[in-house]
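Engineer: need coordinates for the below:
(one chain, ligands or ions: 1)
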Amino acid sequence: MNPHQIKLLELLKSNDKIVAMLAPSFAIDFPHPQIVGMLKKLGFEMVTELTFGARMVNYWYVEYIKQNPDQKMYIASPCPIVVSMIENKYPELKQYLIPYASPMYAMSKIVKKKYPDYKIVFISPCQAKRLLEAPKYPEFIDLVVTFKELKEVLDIQNIKAEDFTEPEYPFDSFVTEINKIYPISGGLAQTARIKSLFKPEEICITEGVENNIKILDELAAGNSPYRFIDILNCPGGCIGGPDIINQDLDIEEKKNRILAYRDKSIADQKDAVEGKKEFVLDIDFKAKL
Ligand code: SF4
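Structural biologist: The predicted structure follows:
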């Protein structure tokens, strides 16, 4: 086991109460709803997903755009690699990053408001969240483990999906929503209904390093028609994250797994207690850029 896996087991064995926050791309690698039961068996007191955090990020993105209508362009990315690339290689574009949190940070603040005594473990499709983003928020994120690392720990503890035979293992999350498509490239723009704010030719949805460099070069050179840029580092978005276990699946199959999970959740509406925007409007969701 690596140090992150050891720390996870130590946390779960301690007297602290621990929340698991699952990135929604989990649906590519782990069966739902069994994963919720598996995490509770592992020792998590609560298991939540990032849906409500993503919803609030969208809310503040749209508010920011409305309050700053004359800004030349708006770059929206919950991806720490993209943010780091802009900060280091395109500093002239940093002023256009919308200064609001990623769903991970937003959801951790929501969880801490409601459950201030809990520690938070984020379960991630990439190590970038651990290396580049979580260190900015040590008071909110106690540990990041990847899907691959979690699977190994579940295997070591002999926790298997087939042993979870109940029809439901409900999330302790706050809302069930369309935001479960956030890890798919364009999911942010779609769920924030960005089309209602910009002309189609002003919206750019991009993913993958090569595509992103081309777009960012054009934006930096000032010869781009785009005003809203939804940008993620990995191929296809976070569904192409390097620490997703099922790397052999193609992008379409990964998308289909997320869409099936989204559709099932919308259909059964049983996996969450509905969150209320009013409950978290006092939270400052600004990011540390
Ligand atoms: S999975 Fe890829 S696109 Fe998503 S946050 Fe991690 S590095 Fe960025």
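
Engineer: alpha carbons only for contacts and neighbour counts from here, please
Structural biologist: Noted.

Engineer: so the residue nearest to residue 126 when sequence neighbours are not counted, which state does it fall into?
Structural biologist: Closest residue to residue 126 in three dimensions, ignoring its sequence neighbours and counting by CA to CA, 6 or more residues apart in numbering: residue 243, at 4.9 Å. For residue 243, the secondary-structure state derived from DSSP: H, G, I helix; E, B strand; the rest coil is coil.

Engineer: burial count for residue 243?
Structural biologist: Neighbours of residue 243 under the rule other CA atoms under 10 Å: 19.

Engineer: could you shift the numbering so residue one becomes 98, and keep it that way?
Structural biologist: From this message on, residue numbering opens at 98, which makes the last subject residue 340.

Engineer: surely it and residue 226 touch.
Structural biologist: No. Here residue 340 does not reach residue 226: they are 11.1 Å apart, not a contact under CA atoms under 8 Å.

Engineer: below-threshold pLDDT in the stretch 98-247 of the chain: ranges please.
Structural biologist: Along the stretch 98-247 of the chain, the model assigns pLDDT under 70 to no residue.

Engineer: that one: helices as residue ranges?
Structural biologist: Counting by DSSP state H, counting those that start in this stretch, the stretch 98-247 of the chain has these helices, from start to end: 100-110, 131-139, 148-164, 177-186, 200-211, 225, 244-253.

Engineer: which one of those helices lies closest to residue 171?
Structural biologist: helix 148-164 (7.7 Å; CA to CA).

Engineer: how much space between residue 228 and residue 112?
Structural biologist: The span separating residue 228 from residue 112 equals 27 Å under the rule CA to CA, to the nearest Å.

Engineer: the two: who's more crowded?
Structural biologist: For the pair residue 228 and residue 112, the greater number of neighbours falls to residue 228 (13 against 8), based on other CA under 10 Å.

Engineer: list the residues that contact that one.
Structural biologist: Residue 228 makes no contacts at all, as judged by CA atoms under 8 Å, 6 or more residues apart in numbering.

Engineer: could you measure from it over to the ligand?
Structural biologist: Distance, residue 228 to the ligand, using CA to the nearest ligand atom, to the nearest Å: 10 Å.

Engineer: how much space separates that residue from residue 134?
Structural biologist: Relative to residue 134, and taking CA to CA, residue 228 is found at 28 Å.

Engineer: list the buried residues in stretch 160-169.
Structural biologist: Going by neighbour count (16 or more other CA atoms under 10 Å), the buried part of stretch 160-169 is residue 162.

Engineer: what about that stretch, how long is it end to end?
Structural biologist: So stretch 160-169: terminal residues 16 Å apart, CA to CA.

Engineer: which bits of the stretch 248-386 of the chain sit near the ligand?
Structural biologist: Those residues of the stretch 248-386 of the chain that sit near the ligand, judged by CA under 6 Å from any ligand atom, are 329, 330, 331, 334, 335, 338.

Engineer: which of the residues you listed fall in strands?
Structural biologist: Counting by DSSP state E, these place residue 329 in strands.

Engineer: out of the residues of the stretch 248-386 of the chain next to the ligand, who has the most neighbours?
Structural biologist: Neighbour tally across these (other CA under 10 Å): the maximum, 29 neighbours, falls on residue 329.

Engineer: so that residue sits against residue 174, correct?
Structural biologist: Yes. Taking CA under 8 Å as the definition, residue 329 is a contact partner of residue 174 at 6.3 Å.
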